[in-house]
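In: Pasted the sequence and its predicted model underneath.
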Amino acid sequence: QRIIYLEGVWTVPEPLDPSIQPKNKRSHHYYMNSVLDSMKTTSNVSSERTMPGITLFVHRYDPNNLYHAQLDWWNVYQMMQQVGLEDPAAANQKYRIIFLDKHGRKTMYDQVWKDLFGAANIIFWRNQLRQVTSFEHAYFVPPSYSNPIAANVHHSLQPYCPQPGQMQEFVNFALQRYKLQNTKQLLGRVVILRHPAKSSDDPWEALRGELMMHRGSFLSSVQVVDANPLSFREQLELIREAHVMIVDHGVEMSQLIWMHEEDGAEEESASDVAAAIPSHLVELSPTSHTTAQDVYQDLLAWKPHVQHHWLPILSDPSGLTLDKVDEVTSLVTKLVETDAERGVWKKMGAKSLQ
């Protein structure tokens, strides 16, 4: 959805600092190159409309892809911190987000944008700006794939240096916007995120059935979920409650950033730290895949207390098959039982369901 701007579409009263121009024409900077190349400097700027306060310009790469949408949300949130918009919901802060891409309305995550940043603050360029408009303070948000979370993929852009504290701040921001900051992790709760396009119901239901046979020891519940019909709030709540999340390799792996983390930092003794509640991500991966080429490894580096368990067992491109159910069941039950033996249940005052 690339847009090419004609010369003079953008005007500025003073020449721009050349150092802000991206140094090459690589695709991950293309929208900024196009904007900056079209800008003209003129002292006589006339407009039919003026937008006061702060304007954030965003170019969404793929608004229907969860991975890229989350990178965009991260970039907007970080930009807000830089320009002093620490509380997007504050009534006295005049700002807006304008999309420069051609995707328009009715994309999968439109409602999430509105939930996170305020419905009144979202402007779709093609539909809502019909006049020559001046902006008091304008900021161009970097494109999603220049995000530091994806730095290992585009390692030539910047050093790869994960900052888990920044990730936690972003997660807390989203949880507060959805009023889910007090959602508790449920010990023994297993959530299976099924990708409906990849597999029939049978292997997933068989996996659920095998795991449910262990319910009553330390497994408290097992749920097979197709995330698409759920609201984003429902997805967040489900993931925050999970002790173990099982997911096919693919875009749903992006959900790992919302998983509960407990690093034991506030515990009083070494034994309490050892008994901190873990979260487990079980990735069912194609046999031909290697984690070294994986963008989701970058996300995991920002969530150091989420334990990743990689199972390269999928030989069928459609996803999980019945002959692999026992292997997944064995791993998940072992994880939950090991946590129980470490004293997690005792620490939390929980009891076995035996």
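Out: Yes, it's here.
In: could you measure the residue of the chain positioned farthest from its centre against Lys114, distance?
Out: No residue in the chain sits farther from the centre than Asn44, which is 42.6 Å out by CA atoms, centre = their mean. Asn44 sits at a distance of 37 Å from Lys114 (criterion: CB to CB, to the nearest Å). C-beta here means a position set from N, CA and C on the backbone, and glycine is covered the same way.
In: and what of Asn65?
Out: As judged by CB to CB, Asn65 and Lys114 stand 18 Å apart.
In: Between the two, which is the more surrounded one?
Out: Between Asn65 and Lys114, counted using other CB atoms under 10 Å, Asn65 has the larger neighbour count: 18 against 14.
In: what helix or strand does Leu230 sit in?
Out: Taking DSSP states H and E as the definition, Leu230 sits outside all helices and strands.
In: before we move on, what about the one 3 residues further on?
Out: In this assignment (DSSP H and E), Arg233 forms part of helix 232-241.
In: Which strands or helices does that helix pack on?
Out: Packing partners of helix 232-241 (3 or more CB pairs under 8 Å, 6 or more residues apart in numbering; DSSP states H and E): helix 110-117, helix 164-177, strand 189-193.
In: got CSV for those, with mean pLDDT and distance to Val247 too?
Out: Shown next, in CSV, are the helices and strands packed on helix 232-241 (pLDDT from 0 to 100; distance: least, CB to CB, whole Å):
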stretch, mean pLDDT, distance to Val247
helix 110-117, 92, 19
helix 164-177, 93, 18
strand 189-193, 93, 4
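In: Out of the ones you listed, which is the most enclosed?
Out: strand 189-193 (a mean of 23; mean count of other CB atoms under 10 Å).
In: partners of that one in the sheet?
Out: Sheet pairing of strand 189-193 (DSSP bridges) gives strand 221-225 (parallel), strand 244-248 (parallel).
In: how about those, which one is nearest Ile257?
Out: strand 244-248 (11.7 Å; CB to CB).
In: ok, and the closest non-adjacent residue to Gln255?
Out: Spatial nearest neighbour of Gln255, excluding adjacent residues (CB to CB, 6 or more residues apart in numbering): Ile239 at 5.4 Å.
In: Looking at the one you found now. What's its pLDDT?
Out: What the model reports as pLDDT for Ile239 is 95.
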